[in-house]
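**Q** got a predicted structure plus its sequence, pasted below:
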2 protein chains.
Amino acid sequence: MRIAVLGTGSVGTTLAPAFARLGHEVTLGTRDPDATRAREGWSSEIPLKAYVDCADAADLVVNATNGAASLSALGMVGADALAGRVLLDVANPLDFSQGFPPTLSVKDTDSLAEGIQRAFPGTRVVKSLNIVTAQVMVDPSRVGDGSTTMFLAGDDADARSTVRELLEALGWQDVVEFEDLSAARGMEMWLPLWVRLMGRLGTADFNLKIVR
Amino acid sequence: MRIAVLGTGSVGTTLAPAFARLGHEVTLGTRDPDATRAREGWSSEIPLKAYVDCADAADLVVNATNGAASLSALGMVGADALAGRVLLDVANPLDFSQGFPPTLSVKDTDSLAEGIQRAFPGTRVVKSLNIVTAQVMVDPSRVGDGSTTMFLAGDDADARSTVRELLEALGWQDVVEFEDLSAARGMEMWLPLWVRLMGRLGTADFNLKIVR
């Protein structure tokens, strides 16, 4: 499948090559490709395109931008280019403006994923992967015996299936699916506890397992 | 130890007899003991007292009241009676006024536990047990192999030790301790995802395990 990964931070540059290794045709989207290529230490095998050019041919668009910049980045991709496409939102609405620990810029009665869905109503938004660090997103075997839980939420059943297949290809065995994008609220509100746990455990290589 | 459990809902009436079975001397606190005794189906082996009478001799006070009523209930117990005591807060700031799913009346930059600590600064507040249903609070073996995770947060080290010993006596093997009551924010913000999971899994008998 053709996947456009938006965002060239640690999440985007971890997801894009992992999707390529699975055999997908991957593009990395950024605001200004020349500026990204000029970054110290930048190297990527993945074709780099401006946001405005990268979604047209994609079967799946992945929002791996900073949560605070997501609506602006997606606006540059364009509502027309996004219309009808599946959009996997892995970002979190973390606000570091008051320092550490971050707070959430939306929560409780709303979520970043729902804000994206409202701003781009023609797009089929699915929330997933946001509950773990980038390295674990693409390699759940880094944590325990590899059987921890991943959540997935979205209103569109076909879009959820597309994302679920991608999760399973990455190695996620225990995927809990919510048939309603508003479940993204709880998935994003997990982050404050995740940040505390990272501090307490001294590592980002952890995840939760839902035990029944 | 002498434990005063405040609240005669499902949480208080589950915790109180469980603490008594561990050999503790337990009192149940309620607004109006006569009204509680007159409730249809009410039966309890645990001595029932009015809030104002129940904390004086307690080594540990447990807030098992409805989150929306907690500050008012603790106000009836009284700041003087609570001063110096360890207060285990197991409540959640769930707001059902707009229906289901509930929202959170405090979150992100504050928590119910911190609000209680501010209102009763002489009390040593510890947050724990709020992440699971009452039956699991007192019997972690109901879930999986019994080794799921419990969180504990509080500013006072001795108070944390008192609660940790109680958790271990209940059977909690994996207790992650935060040395800062503000970690209660993340513990309370777990509830929206917990509520979704209860709907998805069709049971309240589940918990998370933090896998490293």
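**A** Sure thing, it's come through.

**Q** spell out which parts of chain A neighbour chain B.
**A** A:103-104, A:107-109, A:143-144, A:148, A:151, A:176-178, A:183, A:185-187, A:189-190, A:192-197, A:200-201, A:203, A:205-212 (CB under 8 Å from any CB of the partner chain). Where you see a C-beta, it was placed from the backbone N, CA and C, and this is true even at glycine.

**Q** now those residues: which count as buried?
**A** A:103-104, A:107-108, A:143-144, A:148, A:151, A:176-178, A:183, A:185-187, A:189-190, A:192-197, A:200, A:205-211 (16 or more other CB atoms under 10 Å in any protein chain shown).

**Q** just to revisit the earlier point, tell me which of the residues of chain A next to chain B fall in strands.
**A** A:103-104, A:151, A:176-178, A:207-211 (DSSP state E).

**Q** dump those residues into JSON lines; add pLDDT as well.
**A** Formatted as JSON lines, those follow (pLDDT from 0 to 100):
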{"residue": "A:103", "pLDDT": "97"}
{"residue": "A:104", "pLDDT": "98"}
{"residue": "A:151", "pLDDT": "98"}
{"residue": "A:176", "pLDDT": "98"}
{"residue": "A:177", "pLDDT": "98"}
{"residue": "A:178", "pLDDT": "98"}
{"residue": "A:207", "pLDDT": "98"}
{"residue": "A:208", "pLDDT": "98"}
{"residue": "A:209", "pLDDT": "98"}
{"residue": "A:210", "pLDDT": "98"}
{"residue": "A:211", "pLDDT": "98"}
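
**Q** among those residues, find me the one that's closest to residue A:44.
**A** residue A:207 (26.2 Å; CB to CB).

**Q** isn't that closest one up against residue A:145?
**A** No. In this structure, residue A:207 is not within contact of residue A:145 by CB atoms under 8 Å, at 11.6 Å.

**Q** spit out the contact partners of the most centrally placed residue in chain A.
**A** Nearest to the centroid of the C-alpha atoms of chain A, with distances taken as CA atoms, centre = their mean, sits residue A:90, at 1.8 Å. Residue A:90 makes contacts with A:11, A:15, A:62-64, A:127-130, A:137, as judged by CB atoms under 8 Å, 6 or more residues apart in numbering or on different chains.

**Q** helix/strand/coil for residue A:88?
**A** Per DSSP: H, G, I helix; E, B strand; the rest coil, the local secondary structure of residue A:88 is strand.

**Q** just checking, it touches residue A:129?
**A** Yes. Counting by CB under 8 Å, residue A:88 touches residue A:129, with 7.4 Å between them.

**Q** what sits closest to the residue nearest to the centre of chain A if chain neighbours are left out?
**A** Leaving aside its sequence neighbours, residue A:90 sits nearest to residue A:129 (CB to CB, 6 or more residues apart in numbering or on different chains; 4.2 Å).

**Q** any figure for the gap between the one you found and residue A:55?
**A** 19 Å (CB to CB, to the nearest Å).

**Q** same check, this time on residue A:70
**A** 14 Å.

**Q** more crowded one of these two?
**A** Using other CB atoms under 10 Å in any protein chain shown, the more surrounded residue of residue A:70 and residue A:55 is residue A:55, with 26 against 23.

**Q** ok, and the closest non-adjacent residue to the more buried one?
**A** Distance criterion CB to CB, 6+ apart; nearest residue to residue A:55, sequence neighbours excluded, is residue A:81 at 4.2 Å.

**Q** for that neighbour, pull up the helix or strand it's in.
**A** Assigned by DSSP states H and E, residue A:81 belongs to helix A:79-82.

**Q** go on, residue A:5?
**A** Assigned by DSSP H and E, residue A:5 falls within strand A:2-6.

**Q** buried ones in stretch A:155-171?
**A** Residues A:155-156, A:159-160, A:162-164, A:166-167, A:170 are the ones in stretch A:155-171 that count as buried (16+ other CB under 10 Å).

**Q** so which of those residues comes closest to chain B?
**A** residue A:160 (13.0 Å; CB to the nearest CB).

**Q** ok, now which ones touch the closest one?
**A** Applying CB under 8 Å, 6+ apart to residue A:160 gives the contacts A:126, A:152, A:154, A:177, A:179.

**Q** what's the residue nearest to residue A:90 in contact with, if anything?
**A** A:88, A:90, A:137, A:150, A:167.

**Q** switch to 10 Å and redo it
**A** Each residue near residue A:129 by CB atoms under 10 Å, 6 or more residues apart in numbering or on different chains is listed here: A:11, A:15, A:62, A:64, A:88-91, A:136-138, A:150-152, A:163, A:166-167, A:170, A:172, A:187.

**Q** same question, residue A:187
**A** A:89, A:92, A:111-113, A:127-131, A:150-153, A:178, B:192-193, B:196.

**Q** 6 Å - rerun?
**A** A:127, A:130, A:151 (CB atoms under 6 Å, 6 or more residues apart in numbering or on different chains).

**Q** the last one against residue A:174, yeah?
**A** Okay, so that is residue A:151. No. With contact defined as CB atoms under 6 Å, residue A:151 does not count as touching residue A:174 (9.9 Å).

**Q** quick one, phi/psi of residue A:101?
**A** Backbone torsions for residue A:101, taken as degrees, to the nearest 10, come to phi -70, psi 150.

**Q** then residue A:61?
**A** The phi/psi pair for residue A:61 (degrees, to the nearest 10) is phi -110, psi 130.

**Q** quick one, what contacts it?
**A** A:4, A:55, A:85, A:87.

**Q** just the pLDDT at the second one, thanks.
**A** So that's residue A:55. With respect to pLDDT, residue A:55 scores 90.

**Q** hang on, it packs against residue A:4?
**A** Yes. Between residue A:55 and residue A:4 there is a contact under CB under 6 Å: 5.1 Å.

**Q** in terms of contact, does residue A:210 touch residue A:150 like I think?
**A** No. Using CB under 6 Å, residue A:210 is not in contact with residue A:150; the gap is 9.9 Å.

**Q** which of the contacts of residue A:129 fall within helices?
**A** A:11, A:15, A:136-137, A:163, A:166-167, A:170, A:187 (DSSP state H).

**Q** for the helix or strand of chain A with the lowest mean pLDDT, buried residues please.
**A** Across the helices and strands of chain A, mean confidence by mean pLDDT, DSSP states H and E is lowest for helix A:51-54: a mean of 94. By neighbour count with 16+ other CB under 10 Å, helix A:51-54 contains the buried residues A:51, A:53-54.

**Q** what about it, distance to the chain center?
**A** Offset of helix A:51-54 from its chain centre (CA atoms, centre = their mean, to the nearest Å): 17 Å.
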